[in-house]
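>>> Please work out how this folds:
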Amino acid sequence: MGRIGLLFGLIAIALILMAWYSRTNTARQKWLASLELPGSWAQDAPTDGQDPVFLSFNGEQSKGTYEFRQRDEVKQGTWRISQSSLVLSEASGDELTYEIRYFDKGKIGLDGENLDHQTFSKQTDNIVPLRRT
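Below is the predicted model of the structure:
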């Protein structure tokens with residue numbers, strides 16, 4: 001009975017781990033879906049009279065390409081979500097990491113590097129591209 005008990009114990013542990021992984025993965029997908037990062041974002045209140053920052057994210061829910069604009073400065077590269085952080089990899093090879101705070105639909109906060117405790121709002125586009133023949 002010792003080996004059968006051990007086998008049932010291992011099966012129980014495997015089932016618990018599978019349930020935990022499934023629940024964690026579902027919660028992450030729900031968080032990414034509510035975040036809706038792909039799109040255009042504008043800084044709400046620039047610090048110390050600086051020009052506002054505009055971010056544009058393209059791609060999937062957890063990775064893609066980005067464009068960072070502030071006045072005449074434009075940076076491009078790839079982005080990805082790592083746990084609860086946004087990682088921007090510039091074309092030059094530099095990597096910037098920001099902690100993401102989700103406030104509400106279309107409202108996030110970024111904290112890190114040169115954007116300490118800054119809030120961003122998602123910009124809605126009412127422009128629908130028309131097919132040209």
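>>> residues contacting the nearest residue to Tyr66 once chain neighbours are set aside?
Among residues not flanking Tyr66 along the chain, Trp79 sits closest, at 4.4 Å (Cβ to Cβ, 6 or more residues apart in numbering). To be clear about C-beta, it is placed using only N, CA and C from the backbone, and glycine gets the same treatment. Counting by Cβ atoms under 8 Å, 6 or more residues apart in numbering, Trp79 makes contact with Leu37, Phe57, Gly59, Lys63, Gly64, Thr65, Tyr66, Leu86, Val87, Leu88, Ser89.
>>> next one: Val87
Counted by Cβ under 8 Å, 6+ apart, Val87 has contacts Trp79, Arg80, Ile81, Glu95, Leu96, Thr97, Tyr98.
>>> Highest neighbour count among those?
Among the contacts of Val87, Trp79 has the most neighbours (other Cβ atoms under 10 Å), with 23 neighbours.
>>> so what's it bridging to?
For Trp79, the beta-bridge partners are Gly64, Leu88 (DSSP bridges).
>>> what's the pLDDT at it?
Reading off the confidence values, Trp79 has pLDDT 95.
>>> how far away is it from Phe120?
Distance, Trp79 to Phe120, by Cβ to Cβ, to the nearest Å: 13 Å.
>>> quick one: common contacting residues for these two?
Joint contacts of Trp79 and Phe120 (Cβ under 8 Å, 6+ apart) do not exist.
>>> Nearest to Tyr21 among the contacts of Val87?
Nearest to Tyr21 out of the contacts of Val87 is Ile81 (Cβ to Cβ; 18.0 Å).
>>> who touches the most centrally placed residue in the chain in this structure?
Closest residue to the average C-alpha location of the chain: Ile81 at 4.6 Å, with Cα atoms, centre = their mean. Shown in contact with Ile81 (Cβ under 8 Å, 6+ apart): Leu32, Leu37, Gln61, Ser62, Lys63, Val87, Ile100.
>>> Tell me the secondary structure at the first one.
So that's Leu32. helix (DSSP: H, G, I helix; E, B strand; the rest coil).
>>> And the contacts of the helix or strand containing Ile108?
Assigned by DSSP states H and E, Ile108 belongs to strand 107-111. With Cβ under 8 Å, 6+ apart as the test, strand 107-111 has contacts from 35, 37, 41, 86, 98-103, 117-122.
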